[in-house]
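J.: Here is a sequence with its predicted model. Questions after.
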Amino acid sequence: MSTAVEPGGVVGPGGALRAAVAGEAALRLAFAGWFLVRPDAPARAWGRPASTGARRLALAVAARELVLGAGTATALVRRRPVRGWVLAMAAADALNGAVTAVAGLRGAVPPGRAAGLAAFDLSGTVSEVLLARRLR
């Protein structure tokens, strides 16, 4: 049985929609933790050497992911609307995918790697937009 979306876009207790939104929040928190503990990981995923600038960028992305994950989780627990949080996640993933694709086109990231990482980010955008549509 699917979770009912209450007036105002609040996800009711239990069910598939609540689990999907909770999973999105948990994934954001996991990425935030990973980037905080291993700020060289994103540069390595891009096939680039770690640098001070890359570490700073990873920490900024970690902060964004922490806000998105914690905000979404808090909204779920407090029975507040989560659609805006899910759409913010979609926007963040679209930005990541676009930046990665451009980096691949400019030769800053190996093209095959850039294509794979951009596809991963953009698939997140699609899934989050579809989830947000269910949260109307």
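T.: Cool, got the structure. Numbers count the residues shown, from 1 in each chain.
J.: how close does the spatially closest residue to residue 44 that is not a sequence neighbour get to residue 21?
T.: In space, and not counting its chain neighbours, residue 44 is closest to residue 50: 6.9 Å by CB to CB, 6 or more residues apart in numbering. To be clear about C-beta, it is placed using only N, CA and C from the backbone, and glycine gets the same treatment. Residue 50 sits at a distance of 33 Å from residue 21 (criterion: CB to CB, to the nearest Å).
J.: Looking at the two, which is more packed in?
T.: residue 21 (26 against 15; other CB atoms under 10 Å).
J.: Residue 82 is in contact with the more buried one, correct?
T.: Yes: here residue 21 reaches residue 82: they are 5.2 Å apart, a contact under CB atoms under 8 Å.
J.: Spit out the residues that contact these two alike.
T.: 11, 72, 76, 135 (CB atoms under 8 Å, 6 or more residues apart in numbering).
J.: So the third one, which state does it fall into?
T.: Counting by DSSP: H, G, I helix; E, B strand; the rest coil, the backbone at residue 76 sits in helix.
J.: Need the pLDDT of it.
T.: With respect to pLDDT, residue 76 scores 95.
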